[in-house]
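> mind folding the following:
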Amino acid sequence: MKTSCPACGAAFSLDVLIGNEGAREAVMAALAIPAPLGKLLVQYLGLFRPAQRQLSFDRVANLLGELLPLIAEAKIERNGRIWSAPQDYWAAALNEMLAKRDALTLPLKSHGYLLAIIEGYSSKAEAKQEAGTEARRGGYTQVGSAAIQPVDLVLGPATSKQRSTPPDLRAALRSSSN
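Below you'll find the predicted structure:
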């Protein structure tokens, strides 16, 4: 049975693939890729292929071996910080890189740009969450919704006007004091 890699273009029989240590590691790493990311990662690996050569199976295994723990942990470490990296960030970053293929200097040497994109997504999400937290602390709400007003459990919602005692309550209080 002949197989060919869509990223590197290599064509081998399945027996040869499993017999080669680098190929075997690459296949095992590929099987560990979460399903939604599989196709995108294969296309991404094509960005590492030298112009006039095929990407070696050892290189594929190394590249996948670097990414799979990061994907599984759903976090990356960059610039001394740990950033959240859920699978949707990975998918969006891979799509962004593939869309910018013509603007990239190929072949890629590392995952640095991919990780920088994921860091940016995580940073934006943190900023949005922090802005929401600060807005709630300041009493601001989203457009179209009412601000939360403090509530007095006895008298009801607080207002800026001084409340007067209802006449029937005044009468009841007078009669009970007599």
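> count the residues that sit near Leu47.
Leu47 has 20 neighbours, counted by other C-beta atoms under 10 Å. For every residue, glycine as well, the C-beta is placed using N, CA and C.
> same check on Glu96?
If you count neighbours by other C-beta under 10 Å, Glu96 ends up with 15.
> quick one: which helix or strand includes it?
Glu96 is located in helix 87-99, with elements delineated by DSSP states H and E.
> residue boundaries of the helices in the chain?
14-19, 21-31, 35-45, 57-73, 87-99, 112-137, 167-177 (DSSP state H).
> for those, which one sits closest to Asn79?
Asn79 lies closest to helix 112-137 among those, at 7.6 Å (C-beta to C-beta).
> and the direction of the closest one versus that of helix 35-45, what angle?
Counting by axes from the mean of the first three to the mean of the last three C-alpha atoms, to 10 degrees, helix 112-137 lies at 140 degrees to helix 35-45.
> chain center to helix 112-137, what's the gap?
10 Å (C-alpha atoms, centre = their mean, to the nearest Å).
> could you check the angle that helix makes with helix 87-99?
130 degrees.
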